[in-house]
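Chemist: my questions are about this predicted structure, shown below with the sequence.
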Amino acid sequence: KINVSMHHNTNIHTSPPNRISSGTLQQELYELLCCLHQLGRDLPQILIHLAEIVQPQISQDRLVPVLGKMFEEIPLLLQQSPSQLAKIVAEPPQDLITLRLLLDLRDLQQILQQISYLQLLHLTNNIIPPGPNTIQLDFLQKTQEIFSSWSQETLARHHQILSETPLHMERQQLLQLEPQIPWELLHFLIEVIKLPIEELYSFQRWISKLPKKKLSLIVQLLQMEPSAILEIKRRIDFTIQRPDAQLISQQPPSASWPAKQTNAPSIPPPNGIQSARPYLTPQAPYDTAIATISPATLIPQRSASDSVTTHQLRIARQPPSRTVYQRILKPFPAVMLLVPPNSEVSNTNLFVEATLIRSDSEAELPLCIEGNRIVRISNGVFATFKKLKILSTSQQQGTLFRLRFTLKKYVGNIFEQIPNASVTSNPIEVFSHTLYLTEKQEAAPPPPTVHEILPPNGNVGSRVVILGCNFVNTDTLKVRFGETDCSSTTFHEQGTLICVVPHLPKSGAYPIRVANDGNNFCDTKVLFYLQ
């Protein structure tokens with residue numbers, strides 16, 4: 001056993017030794033450590049939540065100190081010879097909890113490396129039913145059994161048939177093809193089977209091989225806000241798509257990215273994670289400038305004037321302003337919790353309940369809503385409502401609707417409402433059919449908008465996912481990288497396109513633009529970086 005003492009010389013540099021070469025275990029662990037370190041600096045609550053997922057037995061009061069020790073101890077541990085380190089990793093000592101934590105986080109990293117962005121978007125959507133983790137784990141295990149039993153020929157046949165089946169006939173069609181499929185899996189399987197064929201094969205490969213422990217990690221990971229999960233995957237992809245042994249960020253320099261310095265100072269500790277020892281020091285040939293992307297929506301920042309004196313709810317994502325009855329509300333409404341310091345109310349067993357109310361009188365309409373109306377919430381974690389449906393139209397009720405979110409605490413066998421902790425959404429107009437949604441639109445559809453490209457960098461021939469809005473499924477739909485059009489673009493849904501990076505003249509940044517008519521390309525600030 002290796003006992004990493006807390007009393008080593010504090011002047012020791014914690015960058016890996018020069019003997020580390022590309023592809024070694026030392027480098028793999030060091031790169032992961034750098035990625036987690038930068039995540040801790042930018043988004044500490046997400047790092048802490050990941051640690052809670054993989055090591056639930058560590059109490060919350062110990063978790064932050066353990067993370068701090070991990071950034072101290074692991075660089076020292078990496079000084080061991082490759083053979084000695086391999087033995088330690090193969091059988092981690094029980095008392096070396098920091099290494100066990102890092103290895104569990106590596107398991108999570110390996111899972112996310114196997115899942116593509118498009119698959120992840122589906123998994124974080126509404127296709128896995130809400131409920132306790134045990135029910136969701138059973139759901140994924142049944143899915144695993146089904147995909148393990150299907151050959152690629154079977155998948156290809158199902159994919160072709162369902163792609164040509166009208167929307168309202170899909171469930172009936174899949175049951176005719178596979179009568180033994182449980183009813184509760186139908187929606188999920190249909191959405192996955194309709195993925196592009198290579199994505200479908202990829203999904204089958206990783207879901208068929210995952211042990212139960214890793215399936216359980218996926219279930220727990222999916223409880224996080226979808227944007228946070230995508231951010232974690234993006235950071236992981238930045239650290240693994242490197243052409244050589246150096247830890248070079250895949251994010252090119254920009255106005256917010258200082259040029260590389262030869263005598264860079266030591267990286268300060270992550271916010272809220274304290275250590276008496278110096279942290280990872282970027283020294284040639286190792287550069288720890290991992291990408292620092294931190295959308296404000298992930299960790300809400302508050303000014304001193306916005307201090308919280310009581311528990312409060314705030315809406316992080318509004319429900320749609322117009323929708324069709326008996327359809328799942330998209331975008332999914334999401335609520336966040338603001339907890340005052342030194343609160344007398346315990347932050348455990350807190351839930352948010354969604355109720356439907358009339359917009360004119362605020363009277364409740366309990367019979368006009370169904371779905372996951374109660375969702376657990378905690379400080380720093382969003383409560384996302386993925387299965388809400390409104391069962392009546394605005395014309396039937398003679399009013400617009402709103403959602404009221406109320407904070408409650410589960411005590412004994414009842415939910416007790418916390419005083420003054422509720423928030424109400426914007427109005428929602430509900431129609432009987434999608435025809436009425438389009439009738440009110442302008443004669444010409446609004447121009448397309450590009451919000452993001454995933455991954456944001458890569459090589460010629462890489463498959464990428466473009467996220468945005470107002471994409472139209474027409475024969476003239478085009479995606480343009482700089483001045484070069486993609487040879488083929490797949491319309492996946494109104495906000496998602498899939499394409500392959502075309503041949504571009506040289507490496508660098510290329511603006512991503514979309515045209516529904518093939519001629520009028522949208523303005524954009526989204527860039528793709530060709531390696």
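Modeler: That came in fine, so what should we check first?
Chemist: so where's the stretch 201-350 of the chain uncertain?
Modeler: Within the stretch 201-350 of the chain, the stretches with pLDDT under 70 are 238-309, 340-348.
Chemist: quick one: least confident helix or strand in the chain?
Modeler: Lowest mean confidence among the helices and strands of the chain (mean pLDDT, DSSP states H and E): helix 434-439, at a mean of 57.
Chemist: and the most centrally placed residue in the chain, which of the three is it?
Modeler: Residue closest to the average C-alpha location in the chain (Cα atoms, centre = their mean): Ile229, at 2.0 Å. Counting by DSSP: H, G, I helix; E, B strand; the rest coil, the backbone at Ile229 sits in helix.
Chemist: looks like it contacts Gln220 (just checking).
Modeler: No: applying Cβ atoms under 8 Å, one finds Ile229 not in contact with Gln220, separated by 11.1 Å. C-beta: built from backbone N, CA, C; applies to glycine.
Chemist: quick one, what contacts Leu497?
Modeler: Neighbour list for Leu497: Val465, Ile466, Gly468, Phe471, Leu477, Val479, Thr489, Thr490, Phe491, Val514 [criterion: Cβ atoms under 8 Å, 6 or more residues apart in numbering].
Chemist: buried ones among these?
Modeler: Neighbour counting by 16 or more other Cβ atoms under 10 Å classes Val465, Ile466, Gly468, Phe471, Leu477, Val479, Thr489, Thr490, Val514 among these as buried.
Chemist: now render those as TSV, adding distance to Ile46.
Modeler: What follows is these, written out as TSV (distance: Cβ to Cβ, whole Å):
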residue	distance to Ile46
Val465	22
Ile466	25
Gly468	24
Phe471	29
Leu477	35
Val479	31
Thr489	33
Thr490	31
Val514	30
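Chemist: tell me which stretches of the stretch 101-250 of the chain form helices.
Modeler: 117-123, 133-149, 152-163, 170-177, 186-193, 197-209, 212-221, 226-240 (DSSP state H, counting those that start in this stretch).
Chemist: what of the stretch 301-450 of the chain?
Modeler: Under the criterion DSSP H, counting those that start in this stretch, helices of the stretch 301-450 of the chain are mapped to 394-397, 434-439.
Chemist: may I see the buried residues of the first one?
Modeler: What it means is helix 394-397. Across helix 394-397, burial judged by 16+ other Cβ under 10 Å covers Ser394, Gln397.
Chemist: which strands and helices sit next to it?
Modeler: Judged by 3 or more Cβ pairs under 8 Å, 6 or more residues apart in numbering; DSSP states H and E, the packing partners of helix 394-397 are strand 429-431.
Chemist: which strands border the strand it packs on, and is each parallel or antiparallel?
Modeler: Using DSSP bridges, the strands paired with strand 429-431 are strand 322-324 (parallel).
Chemist: can you list the buried residues in the strand it pairs with?
Modeler: Thr323, Val324.
Chemist: quick check: the residue nearest to the centre of the chain vs Leu32, distance?
Modeler: Relative to Leu32, Ile229 is positioned 17 Å away (Cβ to Cβ, to the nearest Å).
Chemist: repeat that for Leu530.
Modeler: For Leu530 relative to Leu32 (Cβ to Cβ), the value is 26 Å.
Chemist: dump the residue contacts of the nearest residue to Lys506 once chain neighbours are set aside.
Modeler: Leaving aside its sequence neighbours, Lys506 sits nearest to Leu530 (Cβ to Cβ, 6 or more residues apart in numbering; 7.5 Å). Leu530 sits next to Asn457, Gly458, Asn459, Val460, Val501, Leu504, Lys506, Ser507, Gly508, Ala509, Tyr510 when contact means Cβ under 8 Å, 6+ apart.
Chemist: check what pLDDT the first one gets.
Modeler: Read it as Asn457. pLDDT, Asn457: 86.
Chemist: cool, and the fourth one?
Modeler: Predicted confidence (pLDDT) at Val460: the value is 90.
Chemist: wait, doesn't it sit right on Leu504?
Modeler: Yes: with contacts counted by Cβ under 8 Å, Val460 reaches Leu504, the gap being 6.4 Å.
Chemist: more crowded one of those two?
Modeler: Each of Val460 and Leu504 has its neighbours counted (other Cβ atoms under 10 Å); Leu504 has more, 16 against 13.
Chemist: re the thing from before, and of the contacts of Leu530, the nearest to Thr165?
Modeler: Thr165 lies nearest to Val501 out of the contacts of Leu530, by Cβ to Cβ, at 31.2 Å.
Chemist: show me where pLDDT drops low in the stretch 51-200 of the chain?
Modeler: Looking at the stretch 51-200 of the chain by pLDDT under 70, you get 125-131.
Chemist: swap the cut-off to 50 and go again
Modeler: Across the stretch 51-200 of the chain, nothing is flagged by pLDDT under 50.
Chemist: now do stretch 489-497, average pLDDT.
Modeler: Mean pLDDT, stretch 489-497: 79.
Chemist: could you check how far that stretch is from the centre of its chain?
Modeler: 19 Å (Cα atoms, centre = their mean, to the nearest Å).
Chemist: now do the same end-to-end measure for it.
Modeler: Taking Cα to Cα, to the nearest Å, the first and last residues of stretch 489-497 lie 7 Å apart.
Chemist: next: stretch 91-99.
Modeler: Using Cα to Cα, the end-to-end distance of stretch 91-99 comes to 10 Å.
Chemist: would you mark the buried spots in it?
Modeler: For stretch 91-99, the neighbour count (16+ other Cβ under 10 Å) marks Pro92, Leu96, Ile97, Thr98, Leu99 as buried.
Chemist: which of these lies closest to Leu215?
Modeler: Pro92 (22.1 Å).
Chemist: mind checking the SS state of that closest one?
Modeler: Classification of Pro92 using three-state DSSP returns coil.
Chemist: which residues touch the nearest residue to Tyr410 once chain neighbours are set aside?
Modeler: Of all residues not flanking Tyr410 in the chain, Asn349 sits nearest, at 4.4 Å (Cβ to Cβ, 6+ apart). By Cβ under 8 Å, 6+ apart, Asn349 lies in contact with Lys409, Tyr410, Val411.
Chemist: so for the closest residue to the first one other than its chain neighbours, what pLDDT did the model give?
Modeler: Closest residue in space to Lys409, ignoring its immediate chain neighbours: Glu416 at 5.1 Å, by Cβ to Cβ, 6+ apart. Confidence at Glu416, expressed as pLDDT, is 84.
Chemist: quickly note the distance from Glu416 to Leu101.
Modeler: Counting by Cβ to Cβ, the gap from Glu416 to Leu101 is 36 Å.
Chemist: which one's more surrounded, these two?
Modeler: Comparing Glu416 with Leu101 by other Cβ under 10 Å, the one with more neighbours is Leu101, at 23 against 11.
Chemist: phi, psi of the nearest residue to that one once chain neighbours are set aside?
Modeler: Excluding the flanking residues, the one nearest Leu101 by Cβ to Cβ, 6+ apart is Gln55, at 5.4 Å. For Gln55, the backbone dihedrals (degrees, to the nearest 10) come out as phi -130, psi 70.
Chemist: and for Ile58?
Modeler: As for Ile58, its main-chain torsions (degrees, to the nearest 10) stand at phi -80, psi 120.
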